[in-house]
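Student: Attaching a predicted model along with its sequence, questions to come.
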Amino acid sequence: MPLQEPEAEGLEVSQQYKLNATLESLKLNCQVIQEYGIGGELWQQNQAKVEKTLQLLEKCVKLYIREFSPYPEKRKQFWEGCTLGKSHNRVLQRSQPPAYLLQAIQGKGDPRNPLHVGILLGYRFAYLKRFLSRFKLPEDCDVDLTAATFG
């Protein structure tokens, strides 16, 4: 593991925390939707896809923590990818994304490339957050989808 400044180590831990907190927030939202029977047919039709997306996100977060987080350059590329993925998730219907972006989103990107993993993670987080925002959670629920953000 390369030597790091104490400040860089704090940033590394902070970013790991953000990713894990985002993932947990999305999981809790899914759990509440399932347990309260919210969304009816829409949820039933998409539940398997949501679960598959959560599994993919979990793998990406673990990969980031294990492979990219300790290295400042890889960490920077990963977060740049997250930003690209999140922003393109919002505009994909209006324009064709660049080939490298499309590859990453379709899962054809290089899993050793922090930029590709970041794009995939950012895109899927944004997709899932947008999808889950369609469901109105009970007011007595202490789950906040707005907490599902990072970067």
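Tutor: Done, it's in.

Student: What residues sit buried inside the helix or strand of the chain with the lowest mean pLDDT?
Tutor: When the helices and strands of the chain are scored by mean pLDDT, DSSP states H and E, helix 99-105 comes last with a mean of 81. Using 16 or more other C-beta atoms under 10 Å as the test for burial, helix 99-105 gives 100-101, 103-105. For every residue, glycine as well, the C-beta is placed using N, CA and C.

Student: and if you look at stretch 49-61?
Tutor: Residues of stretch 49-61 classed as buried: 50, 53-54, 57, 60-61 (neighbour count, 16+ other C-beta under 10 Å).

Student: Quick one: the buried residues of helix 99-105 as TSV, columns for distance to residue 121 too.
Tutor: What follows is the buried residues of helix 99-105, written out as TSV (distance: C-beta to C-beta, whole Å):
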residue	distance to residue 121
100	15
101	13
103	15
104	9
105	11
